[in-house]
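>>> how does the following fold in three dimensions:
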Amino acid sequence: MPTTRIVLCYPVESRHIAQIQAIAPDAEIVNAGQERVARELLDADLFCGHAKVPVEWDRVVAGGRMQWIQSSAAGLDHCLVPAVIDSAIPVTSASGVLSDQVAEHTICLLTAITRNLPTFFRQQQDKVYVRRATRDLTHSTVGIVGFGGVGRRVSEVLAPFKTRILATDMYPVDKPAHVAELWPADRLDELLSMVDVAILCLPLNAQTKWIITREKLQKMKPGSILLNMARGKLVVEDDLVAALEYGPLFAAAADVAAEEPLPAESKLWTLPNMILTPHVAGQSARRIDNMTNFYCDNLTRWRNGHPLRNLVDKQLGFPIRVAGQV
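Numbers count the residues shown, from 1 in each chain. As a prediction, this is how the structure comes out:
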């Protein structure tokens, strides 16, 4: 029987490779990195990673060898191209693996806005000691757009602030007790009109690309806040700039941008009511350990013929969630 060839493209160390090898002792494991991943994928049976370089997915699919793609990110826009979508290759995401870190970063950005920390940081640089107005996160209404692994964890860390939480999702199942309403995705407009804070936790796909437009932003309440913790291309950035300059938004924060790095000429850099971080919400000293643990669990399932965790509906780009299995 031919040796199974597993290609990795995430920053593993030798101990992570040994951990995977222990699950699949008969497999050849190739740590391709970004430098070699495009070439190595042409001869791969299994893939775990996130290729940030162009990959000839048409050739990978046409080769007929690839049997399963495991993304090392929650986002799947790097591999859910038409050839993969139309193929029989199962795709699984890393949804939830980095949810603790992204939720922590979300709270950091949101409390920075409500407690007016950017203003106070600027005053500190200028040695100005002046009290300014702050706002309360406590008792506010928060909308979470996309209630997967990250969205659910964000709701958990928000709950102690006595917030009223509304959420929308393609799979609106298993509503936690601390969430007031969990609605289908087609109720996004209603959610935006009701919340003080909207937090984007959506994957990027054909249905969600540029979903937050001027029209959507104008549905939000005067003085509301928008956070994008997902993908930059969910939001039309020129429309966001207008909403920050002329209303209705009080402020916004984003850990992502439509083009990364954010171009120097972008007005988002200069807006005093905008906080930007450089796609670092998922960073953690345990990130690679957690991802490898997840992959080893799914690899064990794969080898034993058991259902895979985070199996994706490739047309939608969402992990399939079933009531009672979230």
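
>>> only C-alpha atoms for contact and neighbour calcs from this point on.
Noted.

>>> residue 102: what's it in contact with?
Applying C-alpha atoms under 8 Å, 6 or more residues apart in numbering to residue 102 gives the contacts 150, 154, 229, 281, 282.

>>> no, scratch that, I was asking about residue 266
Residue 266 touches nothing, counting by C-alpha under 8 Å, 6+ apart.

>>> what about it, distance to residue 259?
10 Å (C-alpha to C-alpha, to the nearest Å).

>>> list the buried residues of the longest helix seen in the chain.
Ranked by residue count and defined by DSSP state H, the top helix of the chain is helix 287-304. Under the neighbour-count criterion of 16 or more other C-alpha atoms under 10 Å, helix 287-304 has 288, 289, 291, 292, 293, 294, 295, 296, 298, 299, 300 buried.

>>> got a markdown table for those, with pLDDT and distance to residue 96 too?
Listed next are the buried residues of helix 287-304 as a markdown table, based on pLDDT from 0 to 100; distance: C-alpha to C-alpha, whole Å:
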| residue | pLDDT | distance to residue 96 |
| --- | --- | --- |
| 288 | 96 | 14 |
| 289 | 97 | 14 |
| 291 | 97 | 10 |
| 292 | 98 | 13 |
| 293 | 98 | 13 |
| 294 | 97 | 10 |
| 295 | 98 | 13 |
| 296 | 98 | 15 |
| 298 | 98 | 14 |
| 299 | 98 | 17 |
| 300 | 98 | 19 |
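
>>> out of those, who's nearest residue 119?
Proximity of these to residue 119 (C-alpha to C-alpha) peaks at residue 288, which lies at 35.4 Å.

>>> that closest one contacts residue 14, doesn't it?
No. Contact criterion C-alpha atoms under 8 Å: residue 288 and residue 14 do not qualify, at 11.7 Å.

>>> let me see the ranges of the helices in the stretch 51-200 of the chain.
Assigned by DSSP state H, counting those that start in this stretch, the stretch 51-200 of the chain shows helices spanning 57-63, 82-85, 99-114, 117-126, 149-158, 188-194.

>>> dump the first one to PDB, restricted to CA.
The reference is to helix 57-63. Extracted in PDB, the C-alpha atoms of helix 57-63 (Å, rounded to 0.1, in the frame of the first residue of the first chain):
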ATOM      1  CA  TRP A  57      -5.600  24.100  -6.500                       C
ATOM      2  CA  ASP A  58      -6.900  23.100  -9.900                       C
ATOM      3  CA  ARG A  59      -3.800  20.900 -10.400                       C
ATOM      4  CA  VAL A  60      -4.100  19.600  -6.800                       C
ATOM      5  CA  VAL A  61      -7.700  18.500  -7.400                       C
ATOM      6  CA  ALA A  62      -7.000  17.200 -10.900                       C
ATOM      7  CA  GLY A  63      -4.200  15.100  -9.600                       C
END
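
>>> now do it: which elements does it pack against?
Contacts defined by 3 or more C-alpha pairs under 8 Å, 6 or more residues apart in numbering; DSSP states H and E place helix 57-63 against helix 82-85.

>>> which strands and helices lie in contact with the helix it packs on?
Helix 82-85 makes packing contacts with helix 57-63 when contacts are defined by 3+ C-alpha pairs under 8 Å, 6+ apart.

>>> and the pLDDT at residue 322?
Residue 322 is assigned 69 on the pLDDT scale.

>>> kindly report the same for residue 206.
86.

>>> and it, that's in a helix?
No. Assigned with DSSP: H, G, I helix; E, B strand; the rest coil, residue 206 falls outside any helix and is coil.

>>> show the contacting residues for the residue nearest to it when sequence neighbours are not counted.
Nearest residue to residue 206 in three dimensions, chain neighbours excluded: residue 316, at 7.7 Å (C-alpha to C-alpha, 6 or more residues apart in numbering). Taking C-alpha under 8 Å, 6+ apart, we find residue 316 in contact with 205, 206, 207.

>>> swap in residue 129?
residue 123.

>>> quick check on it: phi, psi?
Per-residue torsions, residue 129: phi -120, psi 80 (degrees, to the nearest 10).

>>> in which helix or strand does the closest residue to residue 101 other than its chain neighbours reside?
With sequence-adjacent residues excluded and distances taken as C-alpha to C-alpha, 6+ apart, residue 101 is closest to residue 282, at 5.3 Å. Residue 282 belongs to no helix or strand when elements are defined using DSSP states H and E.
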